[in-house]
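Peer 1: dropping the sequence and predicted coords here.
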Amino acid sequence: METTTKLAIGVSALCCLASAAFAGGPDIPMIDMNGFHIGLGFGYKSYTYDQVGTVTVTTNGGTVLSVLHPVSASITQFGPVGELGYTFASDWWIAGVKAQYQYDNVRSVHIMDAPLVGSNYSYRTRLGSHLTAMLLAGIKVNEANAVYLEAGYSTVWGKTTLFGPGPVAVSMKNRLNGGIAGIGWRHYFMNNVFLDLSYDYALYRSKSNSVTLSSATASAEGTAIGVSGTVQNPKRVAINGITATVNYLFNI
């Protein structure tokens, strides 16, 4: 009961703060939203991607078995964000440009069984930091708040490493490019400090690329058996999430 009461009090307080931000209270002097800004914050992102690996078994040069290992992964990541941009504002609208860089280190490991020979391949996929550049346009809700829409270009860096049955590995790096769009809200605490909160969805695509790792064994009858593992880079990655930064505004 005590926990429920505290939660209710907290929710009520947040509602009061939100109401005060958009209406009521004393008049707030007009804030100059024009200028260059730079800020730091955090982002909570959800990564979704598809990837395919293949294990092939051959004897005497002929394929005996080829097994596909498709993977659909969904991973969340919390990481630091840097932001900079420039805003133009009138009495009732805002427009501008914004760039964000988020450091992420999304990792996933998948096992690929090699039938008939009892050995395994595995591959590790890493999706690293991503960079976005967007145009934005919106309206002022009041003297200290504005809502806007944004859209632009984004890129994310990745790396896939394929491990064989022995202490051998091969890797490939790739960069995925795509578009990003979202909605945001800015609250100005004072003339030079504001909170920038946004939700965005980004879709990335990349050219198909792959790496292969092969090994050979011999059966009891002396027949040579070859085993190879192949993995493709993620060709399609979707990222959606929330970003919050605190920025300092230079009215220049």
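Peer 2: Received, thanks. Since we're looking at a predicted model, the values are computed, not measured.

Peer 1: tell me the strands beside the host helix or strand of M112, with direction?
Peer 2: Here M112, judged by DSSP states H and E, is contained in strand 106-114. The pairing partners recorded for strand 106-114 under DSSP bridges are strand 119-142 (antiparallel).

Peer 1: for stretch 37-57, buried residues please.
Peer 2: 37, 39, 41, 43, 45, 47, 49, 51-57 (16 or more other C-beta atoms under 10 Å). Using the backbone N, CA and C atoms, a C-beta is placed for each residue, glycine as well.

Peer 1: doesn't K207 belong to a strand?
Peer 2: No - counting by DSSP: H, G, I helix; E, B strand; the rest coil, K207 is not part of a strand but coil.

Peer 1: per-residue confidence for it?
Peer 2: Looking at K207, its pLDDT reads 79.

Peer 1: since we're on it, how many residues are nearby?
Peer 2: 9 (other C-beta atoms under 10 Å).

Peer 1: same question for the one 3 residues further on.
Peer 2: When neighbours are defined as other C-beta under 10 Å, S210 has 14 of them.

Peer 1: please list all residues in contact with it.
Peer 2: M172, T230, V231, Q232, N233 (C-beta atoms under 8 Å, 6 or more residues apart in numbering).

Peer 1: looking at the last one now. What's its pLDDT?
Peer 2: Right, N233. Value listed for N233 in the pLDDT field: 80.

Peer 1: if we can go back for a sec, what about the buried residues of stretch 37-57, which are in helices?
Peer 2: Per DSSP state H, helices hold no members of the buried residues of stretch 37-57.

Peer 1: which of the residues you listed fall in strands?
Peer 2: 37, 39, 41, 43, 45, 47, 49, 51-57 (DSSP state E).

Peer 1: widest-spaced pair of the residues you listed?
Peer 2: Pairwise distances across these peak at 58.2 Å for H37 and V57 (criterion: C-beta to C-beta).

Peer 1: thinking Y123 is in contact with S108, fair?
Peer 2: No - between Y123 and S108 there is no contact, the gap being 9.2 Å when judged by C-beta atoms under 8 Å.

Peer 1: more neighbours, the two?
Peer 2: The neighbour count for Y123 versus S108, taken as other C-beta under 10 Å, is higher for Y123 (26 against 16).

Peer 1: quickly list what that one is bridged to.
Peer 2: Beta-bridge partners, per DSSP bridges, of Y123: H110, L162.

Peer 1: oh, and call the first residue 469 from now on, that's how I've got it
Peer 2: That works, and once the first residue is 469, the last one we named lands at Y591.

Peer 1: quick one: residues contacting it.
Peer 2: By C-beta under 8 Å, 6+ apart, the contact set of Y591 is G521, V577, H578, M580, T628, T629, L630, F631, G697, V699.

Peer 1: buried ones among those?
Peer 2: Using 16+ other C-beta under 10 Å, the buried ones in those are G521, H578, M580, T628, T629, L630, F631, G697, V699.

Peer 1: got those as TSV, with distance to Y571 columns?
Peer 2: Converted to TSV, the buried ones among the contacts of Y591 look like this (distance: C-beta to C-beta, whole Å):
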residue	distance to Y571
G521	27
H578	24
M580	30
T628	20
T629	20
L630	25
F631	26
G697	31
V699	25
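
Peer 1: of those, just say which sits nearest to V565.
Peer 2: Nearest to V565 among these, with distances taken as C-beta to C-beta, is T628, at 33.0 Å.

Peer 1: look up how far Y669 lies from that closest one.
Peer 2: T628 is 24 Å from Y669, where distance means C-beta to C-beta, to the nearest Å.
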